[in-house]
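1. the following block contains a protein sequence and its predicted model.
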Amino acid sequence: MSSKKHDVPDALLDSLLADYQKSEDLIGENGLLKKLTKLLTEKALDAEMAAHLGHSKHEPVLNPAGNTRNGKSRKILKGEFGELPIEVPHDRQGTRRRSGK
């Protein structure tokens, strides 16, 4: 069993916190946690879309229906951090749209 508390490399954490000076830099309205939540959420949604379609962005269409990406729509995530606008990818056939709930 590893004694590490997480699997995130210390060098990455140091890089993310390079400009940290006060708590607002981390948890404020435009803080690092809110930015990371947005980036990680959108990255996960893109990965879900790739799994749903069977191909990554800019790769040949592999699914039998010929379904492809069809832009993104804006949604608002609401949580303890307040409101966070994100972009949710969707497909041409509308089979992977999110309700935003």
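-> Cool, the structure landed. Numbers count the residues shown, from 1 in each chain.

2. gap between the residue lying closest to residue 82 once chain neighbours are set aside and residue 87?
-> Distance criterion CB to CB, 6 or more residues apart in numbering; nearest residue to residue 82, sequence neighbours excluded, is residue 29 at 7.2 Å. Backbone N, C-alpha and C define where each C-beta goes, glycine included. The gap separating residue 29 from residue 87 is 19 Å, by CB to CB, to the nearest Å.

3. ok, those two, which is more surrounded?
-> Neighbours were counted for residue 29 and for residue 87 using other CB atoms under 10 Å; residue 87 has more, 14 against 8.

4. secondary structure class for that one?
-> Secondary structure, DSSP: H, G, I helix; E, B strand; the rest coil: residue 87 is strand.

5. pLDDT score for the nearest residue to it once chain neighbours are set aside?
-> What sits nearest to residue 87 in space, not counting adjacent residues and going by CB to CB, 6+ apart, is residue 72, at 4.1 Å. For residue 72, the pLDDT comes out at 94.

6. my read: residue 72 touches residue 85, true?
-> No - assessed by CB atoms under 8 Å, residue 72 is found out of contact with residue 85, at 11.4 Å.
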